[in-house]
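Participant: Attaching a predicted model along with its sequence, questions to come.
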Amino acid sequence: MAASPANLNTNAYLRNLMKETVVSGIRSTGRLHLGNFFGAMQNFVRMQHEYNCFFFIADYHSLTTHPVPSDLHENVKQVLVEYLACGLNPESATIYIQSDLPETAELYLLLNMNAYVGELERVTSFKEKIRKQPENINAGLLTYPTLMAADILIHRGTKVPVGKDQEQHLEMSRTFGNRFNRMYRCELFPEPVAFNFGTQLVKIPGLDGSGKMGKSEGENNAVFLSDTPEDIRRKVMRAVTDSGPVSPNQEKPEAIKNIFALMDAVSEKETLKFFEEKYNDMSIRYGDMKKQLAEDMIRFTGPIREKIGELSRDEATLHRIARRGAEKARESASSTLSEARHAIGIRHF
Ligand code: TYM
(Lines give C-alpha, C1' and ligand atoms only; values in the text may rest on other atoms or scores of the structure.)
Protein backbone atom coordinates (compact mmCIF):
# COMPACT_ATOMS: atom_id res chain seq x y z
CA MET A 1 0.00 0.00 0.00
CA ALA A 2 1.46 3.37 -0.99
CA ALA A 3 2.05 5.84 1.85
CA SER A 4 -0.55 8.57 1.59
CA PRO A 5 -1.42 11.20 4.22
CA ALA A 6 -4.61 9.24 4.95
CA ASN A 7 -2.65 6.01 5.55
CA LEU A 8 -0.14 7.81 7.72
CA ASN A 9 -3.00 9.17 9.86
CA THR A 10 -4.54 5.73 10.13
CA ASN A 11 -1.20 4.30 11.19
CA ALA A 12 -0.77 6.95 13.89
CA TYR A 13 -4.30 6.22 15.09
CA LEU A 14 -3.64 2.47 15.24
CA ARG A 15 -0.32 2.98 17.03
CA ASN A 16 -2.14 5.02 19.66
CA LEU A 17 -4.81 2.36 20.03
CA MET A 18 -2.16 -0.27 20.64
CA LYS A 19 -0.42 1.70 23.36
CA GLU A 20 -1.01 0.49 26.88
CA THR A 21 -3.09 2.79 29.06
CA VAL A 22 -1.50 4.35 32.12
CA VAL A 23 -3.51 5.98 34.91
CA SER A 24 -2.35 7.62 38.12
CA GLY A 25 -3.10 10.54 40.39
CA ILE A 26 -1.91 12.52 43.37
CA ARG A 27 -4.23 13.84 46.09
CA SER A 28 -4.70 17.59 46.37
CA THR A 29 -3.64 17.75 49.99
CA GLY A 30 -0.73 20.20 49.73
CA ARG A 31 2.60 20.73 48.05
CA LEU A 32 4.40 17.74 46.49
CA HIS A 33 7.43 16.29 48.24
CA LEU A 34 10.37 14.16 47.17
CA GLY A 35 8.39 10.99 48.00
CA ASN A 36 5.70 11.98 45.51
CA PHE A 37 8.40 12.80 42.98
CA PHE A 38 10.41 9.59 43.16
CA GLY A 39 7.44 7.30 43.88
CA ALA A 40 5.14 8.66 41.20
CA MET A 41 5.97 11.82 39.27
CA GLN A 42 9.33 10.70 37.88
CA ASN A 43 7.60 7.77 36.21
CA PHE A 44 4.69 9.93 34.98
CA VAL A 45 7.14 12.14 33.11
CA ARG A 46 8.92 9.22 31.46
CA MET A 47 5.77 7.29 30.64
CA GLN A 48 3.93 10.15 28.95
CA HIS A 49 5.86 9.65 25.70
CA GLU A 50 5.52 5.88 25.53
CA TYR A 51 1.99 5.18 26.70
CA ASN A 52 -1.56 6.47 26.49
CA CYS A 53 -1.45 8.38 29.80
CA PHE A 54 -4.10 9.82 32.12
CA PHE A 55 -2.77 11.79 35.09
CA PHE A 56 -5.28 13.43 37.38
CA ILE A 57 -5.51 15.46 40.57
CA ALA A 58 -7.39 13.40 43.15
CA ASP A 59 -9.53 16.09 44.74
CA TYR A 60 -12.39 13.72 45.69
CA HIS A 61 -9.90 11.61 47.62
CA SER A 62 -8.76 14.67 49.55
CA LEU A 63 -12.31 15.35 50.82
CA THR A 64 -11.99 12.63 53.45
CA THR A 65 -10.20 15.16 55.65
CA HIS A 66 -12.82 17.94 55.12
CA PRO A 67 -10.75 20.81 53.64
CA VAL A 68 -12.37 24.28 53.53
CA PRO A 69 -13.40 25.23 49.96
CA SER A 70 -10.71 27.88 49.40
CA ASP A 71 -7.93 25.51 50.54
CA LEU A 72 -9.30 22.78 48.29
CA HIS A 73 -9.08 25.04 45.25
CA GLU A 74 -5.58 26.27 46.12
CA ASN A 75 -4.38 22.70 46.62
CA VAL A 76 -5.82 21.53 43.29
CA LYS A 77 -4.11 24.44 41.56
CA GLN A 78 -0.85 23.67 43.37
CA VAL A 79 -0.80 20.05 42.18
CA LEU A 80 -1.63 21.09 38.61
CA VAL A 81 1.19 23.65 38.67
CA GLU A 82 3.61 21.08 40.05
CA TYR A 83 2.60 18.45 37.47
CA LEU A 84 3.54 20.91 34.74
CA ALA A 85 6.67 22.18 36.53
CA CYS A 86 7.95 18.60 36.78
CA GLY A 87 7.61 18.19 33.02
CA LEU A 88 4.16 16.74 32.34
CA ASN A 89 3.09 17.89 28.91
CA PRO A 90 -0.65 18.29 28.20
CA GLU A 91 0.06 17.56 24.52
CA SER A 92 1.40 14.10 25.42
CA ALA A 93 -0.65 13.11 28.48
CA THR A 94 -4.24 13.78 29.47
CA ILE A 95 -4.06 15.90 32.63
CA TYR A 96 -7.35 16.46 34.44
CA ILE A 97 -9.06 17.03 37.77
CA GLN A 98 -10.84 13.97 39.20
CA SER A 99 -14.06 15.88 40.03
CA ASP A 100 -14.31 17.03 36.39
CA LEU A 101 -15.07 13.43 35.45
CA PRO A 102 -18.53 12.50 36.79
CA GLU A 103 -18.13 9.10 35.10
CA THR A 104 -15.63 8.19 37.83
CA ALA A 105 -18.19 8.90 40.54
CA GLU A 106 -20.78 6.74 38.81
CA LEU A 107 -18.40 3.82 38.32
CA TYR A 108 -17.43 4.19 42.00
CA LEU A 109 -21.09 3.76 42.92
CA LEU A 110 -21.41 0.67 40.73
CA LEU A 111 -18.21 -0.92 42.08
CA ASN A 112 -19.27 -0.22 45.67
CA MET A 113 -22.20 -2.61 45.22
CA ASN A 114 -19.72 -5.48 44.93
CA ALA A 115 -17.12 -4.26 47.45
CA TYR A 116 -17.56 -5.91 50.81
CA VAL A 117 -17.23 -4.09 54.13
CA GLY A 118 -15.09 -6.91 55.56
CA GLU A 119 -12.43 -6.62 52.85
CA LEU A 120 -12.45 -2.81 52.98
CA GLU A 121 -12.00 -2.85 56.76
CA ARG A 122 -8.91 -5.01 56.41
CA VAL A 123 -7.04 -2.49 54.22
CA THR A 124 -3.86 -1.28 55.97
CA SER A 125 -4.33 2.41 55.09
CA PHE A 126 -7.87 2.32 56.56
CA LYS A 127 -6.63 0.73 59.79
CA GLU A 128 -3.93 3.41 59.99
CA LYS A 129 -6.55 6.16 59.59
CA ILE A 130 -8.63 4.65 62.39
CA ARG A 131 -5.56 4.92 64.62
CA LYS A 132 -4.58 8.44 63.50
CA GLN A 133 -7.97 10.18 63.23
CA PRO A 134 -10.50 8.25 65.35
CA GLU A 135 -12.79 11.29 65.37
CA ASN A 136 -13.35 11.16 61.58
CA ILE A 137 -13.79 7.62 60.24
CA ASN A 138 -16.12 8.34 57.35
CA ALA A 139 -17.47 6.07 54.61
CA GLY A 140 -15.21 7.85 52.10
CA LEU A 141 -12.18 6.52 53.96
CA LEU A 142 -13.60 3.01 54.02
CA THR A 143 -14.32 3.08 50.29
CA TYR A 144 -11.09 4.88 49.33
CA PRO A 145 -9.89 1.74 47.44
CA THR A 146 -13.15 1.52 45.44
CA LEU A 147 -12.77 5.13 44.30
CA MET A 148 -9.17 4.39 43.33
CA ALA A 149 -10.33 1.34 41.38
CA ALA A 150 -12.91 3.52 39.60
CA ASP A 151 -10.19 6.06 38.71
CA ILE A 152 -8.11 3.37 37.04
CA LEU A 153 -10.82 1.16 35.54
CA ILE A 154 -12.75 4.06 34.01
CA HIS A 155 -9.91 4.30 31.43
CA ARG A 156 -9.24 0.55 31.51
CA GLY A 157 -5.73 1.31 32.70
CA THR A 158 -3.18 -1.49 32.94
CA LYS A 159 -0.09 0.29 34.30
CA VAL A 160 -0.30 2.46 37.40
CA PRO A 161 2.85 4.34 38.43
CA VAL A 162 2.69 4.65 42.23
CA GLY A 163 4.90 4.36 45.31
CA LYS A 164 5.18 1.26 47.48
CA ASP A 165 2.42 2.43 49.86
CA GLN A 166 -0.22 1.97 47.12
CA GLU A 167 0.49 -1.70 46.39
CA GLN A 168 -2.44 -3.00 48.40
CA HIS A 169 -4.84 -0.53 46.80
CA LEU A 170 -3.79 -1.80 43.38
CA GLU A 171 -4.47 -5.35 44.46
CA MET A 172 -7.99 -4.28 45.41
CA SER A 173 -8.48 -2.58 42.04
CA ARG A 174 -7.69 -5.91 40.39
CA THR A 175 -10.10 -7.69 42.73
CA PHE A 176 -12.95 -5.26 41.97
CA GLY A 177 -12.35 -5.32 38.22
CA ASN A 178 -12.14 -9.12 38.05
CA ARG A 179 -15.21 -9.48 40.25
CA PHE A 180 -17.20 -7.21 37.95
CA ASN A 181 -16.10 -9.21 34.89
CA ARG A 182 -17.08 -12.46 36.57
CA MET A 183 -20.42 -11.25 37.92
CA TYR A 184 -21.56 -9.74 34.67
CA ARG A 185 -19.85 -12.26 32.38
CA CYS A 186 -17.87 -9.73 30.46
CA GLU A 187 -14.24 -8.82 29.86
CA LEU A 188 -14.63 -5.12 30.39
CA PHE A 189 -11.78 -4.46 32.81
CA PRO A 190 -8.15 -5.51 32.32
CA GLU A 191 -5.92 -6.08 35.37
CA PRO A 192 -4.02 -2.96 36.46
CA VAL A 193 -0.57 -3.39 38.00
CA ALA A 194 1.53 -0.99 40.07
CA PHE A 195 4.45 0.21 37.99
CA ASN A 196 7.93 1.64 38.45
CA PHE A 197 10.69 1.88 35.83
CA GLY A 198 13.12 0.43 38.35
CA THR A 199 12.66 -3.14 39.54
CA GLN A 200 10.79 -2.34 42.76
CA LEU A 201 8.22 0.16 43.90
CA VAL A 202 9.78 3.11 45.72
CA LYS A 203 9.44 4.20 49.33
CA ILE A 204 11.23 7.46 50.12
CA PRO A 205 11.82 7.86 53.86
CA GLY A 206 11.22 11.04 55.83
CA LEU A 207 13.76 13.09 57.76
CA ASP A 208 12.46 12.21 61.20
CA GLY A 209 14.20 8.87 61.52
CA SER A 210 11.35 6.47 60.84
CA GLY A 211 8.67 5.72 58.29
CA LYS A 212 8.02 7.33 54.93
CA MET A 213 8.10 10.90 53.75
CA GLY A 214 4.55 12.20 53.91
CA LYS A 215 2.54 15.41 53.70
CA SER A 216 0.78 14.75 56.97
CA GLU A 217 3.81 13.62 58.99
CA GLY A 218 4.77 17.13 60.09
CA GLU A 219 6.48 19.97 58.17
CA ASN A 220 10.00 18.84 59.05
CA ASN A 221 9.61 15.27 57.87
CA ALA A 222 9.23 16.15 54.19
CA VAL A 223 11.28 18.10 51.66
CA PHE A 224 8.90 19.78 49.24
CA LEU A 225 9.71 20.49 45.58
CA SER A 226 8.84 24.14 46.24
CA ASP A 227 10.96 24.50 49.40
CA THR A 228 13.51 27.33 49.39
CA PRO A 229 17.23 26.48 49.77
CA GLU A 230 17.07 27.83 53.34
CA ASP A 231 14.10 25.56 54.18
CA ILE A 232 15.94 22.55 52.78
CA ARG A 233 19.19 23.28 54.65
CA ARG A 234 17.30 23.79 57.91
CA LYS A 235 15.24 20.59 57.61
CA VAL A 236 18.10 18.38 56.46
CA MET A 237 20.51 19.61 59.15
CA ARG A 238 17.85 18.71 61.74
CA ALA A 239 17.33 15.19 60.35
CA VAL A 240 17.66 12.44 62.92
CA THR A 241 21.06 10.67 63.05
CA ASP A 242 23.03 9.04 65.90
CA SER A 243 26.53 9.18 67.38
CA GLY A 244 28.05 7.13 64.53
CA PRO A 245 29.13 3.53 63.83
CA VAL A 246 31.11 1.73 66.53
CA SER A 247 32.52 -1.07 64.37
CA PRO A 248 33.57 -1.29 60.70
CA ASN A 249 30.89 -2.29 58.16
CA GLN A 250 28.23 -2.13 60.84
CA GLU A 251 24.59 -2.62 59.83
CA LYS A 252 22.96 0.84 59.60
CA PRO A 253 20.20 1.79 62.03
CA GLU A 254 16.93 2.93 60.38
CA ALA A 255 17.52 6.69 60.70
CA ILE A 256 20.94 6.38 59.02
CA LYS A 257 19.62 4.07 56.31
CA ASN A 258 17.08 6.78 55.57
CA ILE A 259 19.71 9.48 55.08
CA PHE A 260 21.58 7.16 52.71
CA ALA A 261 18.34 6.37 50.83
CA LEU A 262 17.67 10.08 50.34
CA MET A 263 21.22 10.57 49.10
CA ASP A 264 20.78 7.65 46.74
CA ALA A 265 17.74 9.43 45.26
CA VAL A 266 19.20 12.92 44.70
CA SER A 267 23.01 12.71 44.69
CA GLU A 268 25.64 11.50 42.22
CA LYS A 269 26.72 7.85 42.53
CA GLU A 270 30.26 8.88 43.55
CA THR A 271 28.93 11.03 46.39
CA LEU A 272 26.96 8.13 47.79
CA LYS A 273 29.94 5.82 47.42
CA PHE A 274 32.18 8.32 49.21
CA PHE A 275 29.91 8.44 52.28
CA GLU A 276 29.30 4.67 52.22
CA GLU A 277 33.07 4.18 52.49
CA LYS A 278 33.31 6.74 55.29
CA TYR A 279 30.51 4.94 57.14
CA ASN A 280 32.16 1.56 56.71
CA ASP A 281 35.56 2.76 57.97
CA MET A 282 33.84 4.73 60.80
CA SER A 283 35.25 8.13 59.76
CA ILE A 284 31.86 9.51 58.73
CA ARG A 285 30.72 12.92 60.03
CA TYR A 286 26.98 13.14 59.68
CA GLY A 287 27.12 16.94 59.67
CA ASP A 288 29.20 16.84 56.45
CA MET A 289 26.94 14.22 54.92
CA LYS A 290 23.81 16.26 55.66
CA LYS A 291 25.38 19.43 54.26
CA GLN A 292 26.14 17.60 51.03
CA LEU A 293 22.66 16.04 50.95
CA ALA A 294 21.00 19.46 51.41
CA GLU A 295 23.04 20.98 48.55
CA ASP A 296 22.18 18.05 46.26
CA MET A 297 18.50 18.41 47.08
CA ILE A 298 18.67 22.13 46.34
CA ARG A 299 20.37 21.45 43.00
CA PHE A 300 17.75 18.82 42.19
CA THR A 301 14.63 20.83 43.12
CA GLY A 302 15.91 24.28 42.00
CA PRO A 303 14.72 24.19 38.37
CA ILE A 304 11.32 22.75 39.41
CA ARG A 305 10.88 25.44 42.09
CA GLU A 306 11.55 28.17 39.54
CA LYS A 307 8.96 26.77 37.13
CA ILE A 308 6.41 26.44 39.97
CA GLY A 309 6.80 30.18 40.59
CA GLU A 310 6.28 31.06 36.90
CA LEU A 311 3.32 28.74 36.30
CA SER A 312 1.44 29.75 39.46
CA ARG A 313 0.96 33.20 37.99
CA ASP A 314 -0.46 31.93 34.68
CA GLU A 315 -4.11 31.24 35.57
CA ALA A 316 -5.26 31.38 31.92
CA THR A 317 -2.95 28.52 30.89
CA LEU A 318 -3.94 26.42 33.90
CA HIS A 319 -7.60 26.94 33.08
CA ARG A 320 -7.10 25.97 29.44
CA ILE A 321 -5.14 22.83 30.35
CA ALA A 322 -7.73 21.68 32.91
CA ARG A 323 -10.63 22.21 30.49
CA ARG A 324 -8.94 20.39 27.60
CA GLY A 325 -7.86 17.57 29.93
CA ALA A 326 -11.41 17.11 31.21
CA GLU A 327 -12.73 16.88 27.65
CA LYS A 328 -10.18 14.25 26.63
CA ALA A 329 -10.70 12.24 29.83
CA ARG A 330 -14.46 12.22 29.34
CA GLU A 331 -14.13 10.81 25.83
CA SER A 332 -12.27 7.82 27.21
CA ALA A 333 -14.44 7.44 30.34
CA SER A 334 -17.87 7.66 28.73
CA SER A 335 -17.40 4.56 26.57
CA THR A 336 -16.26 2.47 29.58
CA LEU A 337 -19.16 3.67 31.68
CA SER A 338 -21.78 2.92 29.05
CA GLU A 339 -20.36 -0.60 28.65
CA ALA A 340 -20.43 -1.09 32.43
CA ARG A 341 -24.05 0.09 32.64
CA HIS A 342 -24.97 -2.16 29.74
CA ALA A 343 -23.24 -5.18 31.33
CA ILE A 344 -25.16 -4.66 34.58
CA GLY A 345 -28.46 -4.33 32.73
CA ILE A 346 -28.97 -0.58 33.16
CA ARG A 347 -30.60 -0.14 29.77
CA HIS A 348 -34.21 0.65 30.63
CA PHE A 349 -36.24 2.27 27.82
P1 TYM B 1 -0.93 10.51 47.49
O2 TYM B 1 -1.21 11.93 47.20
O3 TYM B 1 -0.91 10.07 48.91
O4 TYM B 1 0.45 10.08 46.86
C5 TYM B 1 0.71 10.33 45.50
C6 TYM B 1 1.78 9.39 44.97
O7 TYM B 1 3.01 9.60 45.69
C8 TYM B 1 3.49 8.36 46.18
N9 TYM B 1 4.19 8.58 47.45
C10 TYM B 1 5.39 8.06 47.74
N11 TYM B 1 6.22 7.27 47.03
C12 TYM B 1 7.40 6.93 47.59
N13 TYM B 1 7.77 7.34 48.83
C14 TYM B 1 6.97 8.13 49.58
N15 TYM B 1 7.36 8.54 50.77
C16 TYM B 1 5.71 8.52 49.04
N17 TYM B 1 4.69 9.29 49.49
C18 TYM B 1 3.76 9.31 48.51
C19 TYM B 1 2.24 7.49 46.37
O20 TYM B 1 2.57 6.13 46.37
C21 TYM B 1 1.43 7.91 45.19
O22 TYM B 1 1.84 7.21 44.03
N23 TYM B 1 -4.27 7.08 46.59
C24 TYM B 1 -3.26 7.82 45.79
C25 TYM B 1 -3.92 8.80 44.86
C26 TYM B 1 -4.80 8.14 43.87
C27 TYM B 1 -4.41 7.24 42.84
C28 TYM B 1 -5.60 6.85 42.19
C29 TYM B 1 -3.18 6.75 42.42
C30 TYM B 1 -6.15 8.26 43.81
N31 TYM B 1 -6.64 7.49 42.80
C32 TYM B 1 -5.59 5.95 41.08
C33 TYM B 1 -3.14 5.85 41.33
C34 TYM B 1 -4.34 5.48 40.70
C35 TYM B 1 -2.28 8.46 46.77
O36 TYM B 1 -1.75 7.81 47.59
O37 TYM B 1 -2.03 9.74 46.67
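Facilitator: The structure has been received and is ready for your questions. Bear in mind the structure is a predicted one, so any value in this text is a computation, not a measurement.
Participant: Helices along the stretch 1-150 of the chain, start to end?
Facilitator: 5-18, 34-36, 42-47, 59-62, 69-86, 102-112, 117-121, 124-132, 139-142, 144-153 (DSSP state H, counting those that start in this stretch).
Participant: how about TSV for these, with mean pLDDT, distance to residue 315 and mean neighbour count added?
Facilitator: Glycine gets a C-beta too; all of them are placed from N, C-alpha and C. Output for the helices of the stretch 1-150 of the chain, formatted as TSV (pLDDT from 0 to 100; distance: least, Cβ to Cβ, whole Å; neighbours: other Cβ atoms under 10 Å):
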stretch	mean pLDDT	distance to residue 315	mean neighbour count
helix 5-18	63	31	9
helix 34-36	98	23	25
helix 42-47	97	23	20
helix 59-62	98	18	21
helix 69-86	97	8	19
helix 102-112	98	24	19
helix 117-121	98	39	12
helix 124-132	96	34	12
helix 139-142	98	29	16
helix 144-153	98	26	26
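Participant: Show me what the mean pLDDT comes to for the helix or strand harbouring residue 175.
Facilitator: Using DSSP states H and E, residue 175 maps to helix 167-183. Mean pLDDT, helix 167-183: 98.
Participant: does the next helix or strand after it come close to the ligand?
Facilitator: As assigned by DSSP H and E, the chain's next helix or strand after helix 167-183 is strand 193-195. No - taking Cβ under 6 Å from any ligand atom as the criterion, strand 193-195 and the ligand are apart, separated by no less than 8.5 Å.
Participant: what mean pLDDT does the helix or strand just after strand 193-195 have?
Facilitator: With elements assigned by DSSP H and E, the helix or strand that comes after strand 193-195 is helix 229-237. Average pLDDT, helix 229-237: 98.
Participant: what's the next helix or strand after helix 229-237 packed up against?
Facilitator: As assigned by DSSP H and E, the chain's next helix or strand after helix 229-237 is helix 254-266. Applying 3 or more Cβ pairs under 8 Å, 6 or more residues apart in numbering; DSSP states H and E, we find helix 254-266 packed against helix 34-36, helix 269-280, helix 286-312.
Participant: just so I know, which of those lies nearest residue 336?
Facilitator: helix 34-36 (27.0 Å; Cβ to Cβ).
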